[in-house]
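**Q** Need a 3D model of the following:
(4 chains)
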Number of protein chains: 2
Amino acid sequence: MKPPRPNLSELARHLGVSIATVSNALSGKGRLSPELAKRIRDAADRMGYVPSQAGRALRTGRSGVLGLVLPDIGNPLYPEIAQEIERVATNAGYGVLIANSRDEIAAQDKAIFQLIERGVDGIVIVPRRGTTVPATACPIAIIDTPTTPRNTVSADHFEGGAQVARHLRALGHEKILLIGDDPSSNVQNARINGMRSQLHEAKEIETIWIVEIEAKGGKSCPLGLAAWRARGFSAFACVSDPHALRALTELQSAGIAIPAEATVTGFDNLQWSSFISPPLTTVKMNMPEIATLALDALVEAIQSREASDDTPSPPVTARKAAVPMELVIRRSSGPAPKEQPAAGISQEESKHA
Amino acid sequence: MKPPRPNLSELARHLGVSIATVSNALSGKGRLSPELAKRIRDAADRMGYVPSQAGRALRTGRSGVLGLVLPDIGNPLYPEIAQEIERVATNAGYGVLIANSRDEIAAQDKAIFQLIERGVDGIVIVPRRGTTVPATACPIAIIDTPTTPRNTVSADHFEGGAQVARHLRALGHEKILLIGDDPSSNVQNARINGMRSQLHEAKEIETIWIVEIEAKGGKSCPLGLAAWRARGFSAFACVSDPHALRALTELQSAGIAIPAEATVTGFDNLQWSSFISPPLTTVKMNMPEIATLALDALVEAIQSREASDDTPSPPVTARKAAVPMELVIRRSSGPAPKEQPAAGISQEESKHA
DNA sequence: CTGAAAGCGCTTACAG
DNA sequence: CTGAAAGCGCTTACAG
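**A** Residues are numbered from 1 along each chain as shown, chains lettered A, B, ... in the order given. Here you go, the predicted structure:
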């Protein structure tokens, strides 16, 4: 007939000691005799004592919970971030409350406010394209790009792009098409700019944005890559693996062999990128490192805010850290083909796409 | 110099009324004059009052937070679940705490315990393959398959498989290869069994499991699909889109045209499935519906537990609901090719893979 | 080395 | 229609 969840008072009564002593024994704070401490801990285990977060939070003013704001949980890029943040936060003793800044305007601000309402001690946020993170009393760590105003930490997208470009140049590609999705994305621009930074000596570099093509052709319309191939473009460097997948299958469907006749590269090293045929050359973020740095900065900001008490101090976590990315070379990238089709044929071939 | 976050007492003092009245005004519980109520709400807004979750939780015994346990957040299948659970939970006034039952043994139980430690009111869990969800005092909703012991709600994977199979039969396919990943997965087995249920009259049906092939050939080894094609198998029905992607690119790389020479189908309608070439025929879960049903059951269990007080009553949410799936026909599936290669050639062609 | 007491912010009977 | 008071479970000075 015992209640399923004893509290401190019951433990204390059961053991014939005071509440304070039990609390001290379990937290290891107050000095008390090792024997008593052990006796108390054993009893707590035996009786299945689980401390009340609510009581603790009310007393200490800290919830032990962090918020995580992601632009779109459905996006294949974010699960890995979520996973790593969850891992690192759990190790640091924090729980992670998720919030989705959906496609509504200002949803991001709303998500942040809801998290604060729930009493989170801090927030990790991956900002939506083109939004600004509002200043709050609550410490916030931002994961975006090194050039984002209050960015805390991010992958070095620019240098990642540079690595891809150097790889393509080393393979002998002279005419390279850069494929982005949305020009308003900080991350995508950093990657594209990084690629361009190494391609000044190439013969011809063009950038296309998928949202612009889809604005005319409709969702999931062909990108017309066979036409670019016919114009002599032999490398298709995409800002993300899903776009690379789209490019790769579009070229393959048009009868263009990868990598013999065209090279395709992506970004992010998504799970399936190594399983497809040919496996995709891509660039991998060091997510464990990024998550660790973001959380370190956040926890530090939380603690320093505690010290300086009620002053609405700037909960700043800016570090500008840029974590190196790693080029993962797989079979989808190969040497540039020697021969180039004549201009006349190119228009023909574009019809296949 | 005002503190950034006023509490009820400060609001009450500021307005010259009692704490209880402010609480009543904001919660709309106690009856009080509309004018006073409005005055109090306005002041609360103006002063930026945010109620303390900790105080409320301690008093009411409810945290307003739900836990979500996913087998592997990195798996591309789960973001959509997470997104929908988050959406529905937010609508119901709950926050969502995530937990990852990683690849360690018993990590799932640990995740559940940590969530309970954090004081969640209930848990939604998508069980890891082959694990059993422990019985707890905390209400748990399980999303797996209709045949899973305490399953609450799930997609009708069996019927989804049946739909794929009927589609393939209608297209005239006679020799069909079913491609699974892991035979210990409840979901995958349900899908495969559903497909088989409609294929008794087909000429030849075989099932291969990727983990078994990889056990011999190593991670991301070829599946040898060109050899199956050469044996006359014209349809490759996979239990999930990533496997379908693997199959589709492997066939395309071997020079087999999709859908002219082979049909490929997947499951789950992942974001990129409509963007690839050819777009993938797949089966879509009704996630909004599944999330809604799971949450309804969970919230009901939470409330009934509250009513029956301290009895560690069975927090059962079993419903056995099977939400219909929707076949999404795209260009990767087409009529079965008429001619079939001779047996002698098949061995040759298998070398391409 | 241990205990009595205050108080975190809220809600909920209950009294007026 | 409004207020005084108790108490949720914990931690933290402080007193002994």
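**Q** can you pull the buried residues of the helix or strand containing residue A:304?
**A** Here residue A:304 sits within helix A:287-307, counting by DSSP states H and E. Within helix A:287-307, the residues scored as buried using 16 or more other C-beta atoms under 10 Å in any protein chain shown are A:287, A:289-299, A:301-302, A:305. Quick note: C-beta positions are derived from backbone N, CA and C, even for glycine.
**Q** Out of those, name the two that are farthest from one another.
**A** Longest distance between any two of the buried residues of helix A:287-307 is 26.5 Å, between A:287 and A:305; criterion C-beta to C-beta.
**Q** The most centrally placed residue in chain A: what's it in contact with?
**A** The centroid of chain A falls nearest to residue A:81 when counting by C-alpha atoms, centre = their mean (3.9 Å). Residue A:81 makes contact with A:70, A:126, A:143, A:287, A:290, A:291, according to C-beta atoms under 8 Å, 6 or more residues apart in numbering or on different chains.
**Q** Now do the contacts for the nearest residue to residue A:57 once chain neighbours are set aside.
**A** Residue nearest to residue A:57 in three dimensions, not counting chain neighbours: residue B:54, with 3.8 Å by C-beta to C-beta, 6 or more residues apart in numbering or on different chains. Applying C-beta under 8 Å, 6+ apart, we find residue B:54 in contact with A:54, A:57, A:58, A:63, A:119.
**Q** Which pLDDT value goes with residue A:47?
**A** pLDDT for residue A:47: 89.
**Q** wait, doesn't it sit right on residue A:8?
**A** No: counting by C-beta atoms under 8 Å, residue A:47 does not reach residue A:8; the two are 11.2 Å apart.
**Q** Dump the C-alpha coordinates for stretch A:253-270 into CSV.
**A** Output of stretch A:253-270 as CSV, limited to C-alpha atoms (Å, rounded to 0.1, in the frame of the first residue of the first chain):
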residue,chain,number,x,y,z
SER,A,253,18.2,8.8,-66.2
ALA,A,254,19.4,10.9,-69.2
GLY,A,255,21.9,8.1,-69.9
ILE,A,256,24.9,10.0,-68.6
ALA,A,257,27.2,7.8,-66.7
ILE,A,258,28.5,8.8,-63.3
PRO,A,259,31.4,9.4,-62.9
ALA,A,260,32.6,8.5,-66.4
GLU,A,261,30.8,11.3,-68.1
ALA,A,262,29.9,13.6,-65.2
THR,A,263,30.9,14.2,-61.6
VAL,A,264,28.4,14.9,-58.9
THR,A,265,29.2,16.1,-55.3
GLY,A,266,27.1,16.9,-52.3
PHE,A,267,27.3,18.1,-48.8
ASP,A,268,26.4,16.7,-45.3
ASN,A,269,27.2,13.0,-45.7
LEU,A,270,23.6,11.9,-45.1
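**Q** in that stretch, what's buried?
**A** Going by neighbour count (16+ other C-beta under 10 Å), the buried part of stretch A:253-270 is A:253-254, A:256, A:258-259, A:261-270.
**Q** Can you pick out the most distant pair from these?
**A** Spatial extent of these (C-beta to C-beta) is set by the pair A:254 and A:269 at 25.8 Å.
**Q** Give the full set of residues in contact with residue A:173.
**A** By C-beta under 8 Å, 6+ apart, the contact set of residue A:173 is A:202, A:234, A:235, A:263, A:336.
**Q** got it, and residue A:168?
**A** By C-beta under 8 Å, 6+ apart, the contact set of residue A:168 is A:176, A:199, A:235, A:237, A:263, A:265, A:333.
**Q** Please flag which of these sit within strands.
**A** The strands, defined by DSSP state E, take in A:176, A:235, A:237, A:263, A:265 from the contacts of residue A:168.
**Q** ok so, going back, helix or strand for the residue nearest to the centre of chain A, which one?
**A** Per DSSP H and E: helix A:78-91 holds residue A:81.
**Q** Residue A:66 now?
**A** Using DSSP H and E, residue A:66 maps to strand A:65-70.
**Q** Kindly report the same for residue A:160.
**A** Residue A:160 belongs to helix A:157-170 when elements are defined using DSSP H and E.
**Q** what's the spacing between that helix and its chain's center?
**A** Helix A:157-170 sits 20 Å away from the centroid of its parent chain (C-alpha atoms, centre = their mean, to the nearest Å).
**Q** same check, this time on stretch A:145-152
**A** Centroid separation between stretch A:145-152 and its chain, computed with C-alpha atoms, centre = their mean, is 14 Å.
**Q** avg pLDDT for that stretch?
**A** Stretch A:145-152 shows a mean pLDDT of 88 in the predicted model.
**Q** Ramachandran coordinates for residue A:96?
**A** Phi and psi for residue A:96, reported as degrees, to the nearest 10, are phi -120, psi 120.
**Q** What is the burial count for residue A:230?
**A** A count of neighbours around residue A:230, defined by other C-beta atoms under 10 Å in any protein chain shown, yields 24.
**Q** meant to ask about residue A:55
**A** If you count neighbours by other C-beta under 10 Å, residue A:55 ends up with 15.
**Q** what sits against it?
**A** Listed by C-beta under 8 Å, 6+ apart, the contact partners of residue A:55 are residue B:58.
**Q** can you pull out the helices in chain A?
**A** For chain A, the helices defined by DSSP state H occupy A:8-15, A:19-27, A:34-46, A:53-60, A:78-91, A:107-117, A:157-170, A:186-197, A:210-217, A:225-230, A:241-253, A:287-307, A:343-350.
**Q** Pick the most deeply packed of the ones you listed.
**A** Among the helices of chain A, ranked by average contacts under mean count of other C-beta atoms under 10 Å in any protein chain shown, first place goes to helix A:241-253 (a mean of 26).
**Q** now the angle from that one to helix B:241-253?
**A** Put simply, helix A:241-253 runs at 30 degrees to helix B:241-253, going by axes from the mean of the first three to the mean of the last three C-alpha atoms, to 10 degrees.
**Q** Just give the nearest non-adjacent residue to residue A:162, would you?
**A** Closest residue to residue A:162 apart from its sequence neighbours, by C-beta to C-beta, 6+ apart: residue A:194 at 4.5 Å.
**Q** make that residue A:246, sorry
**A** Excluding its sequence neighbours, the residue lying closest to residue A:246 (C-beta to C-beta, 6+ apart) is residue B:275, at 4.6 Å.
**Q** check contacts around residue A:212.
**A** Applying C-beta under 8 Å, 6+ apart, we find residue A:212 in contact with residue A:183.
**Q** Next one: it from residue A:221, what distance?
**A** Using C-beta to C-beta, to the nearest Å, residue A:212 is found at 11 Å from residue A:221.
**Q** Ok, residue A:277 next?
**A** Applying C-beta to C-beta, the value for residue A:277 to residue A:221 is 24 Å.
**Q** Compare these two (neighbour count), which wins?
**A** Comparing residue A:277 with residue A:221 by other C-beta under 10 Å, the one with more neighbours is residue A:277, at 25 against 13.
**Q** Enumerate the residues of the stretch 151-300 of chain A near chain B.
**A** Within the stretch 151-300 of chain A, the residues that sit near chain B (C-beta under 8 Å from any C-beta of the partner chain) are A:219-220, A:222, A:242, A:245-246, A:248-250, A:252-254, A:258, A:270-272, A:274-279.
**Q** ok, 6 Å please
**A** Residues of the stretch 151-300 of chain A lying close to chain B (C-beta under 6 Å from any C-beta of the partner chain) are A:220, A:242, A:245-246, A:249-250, A:252-253, A:272, A:274-277.
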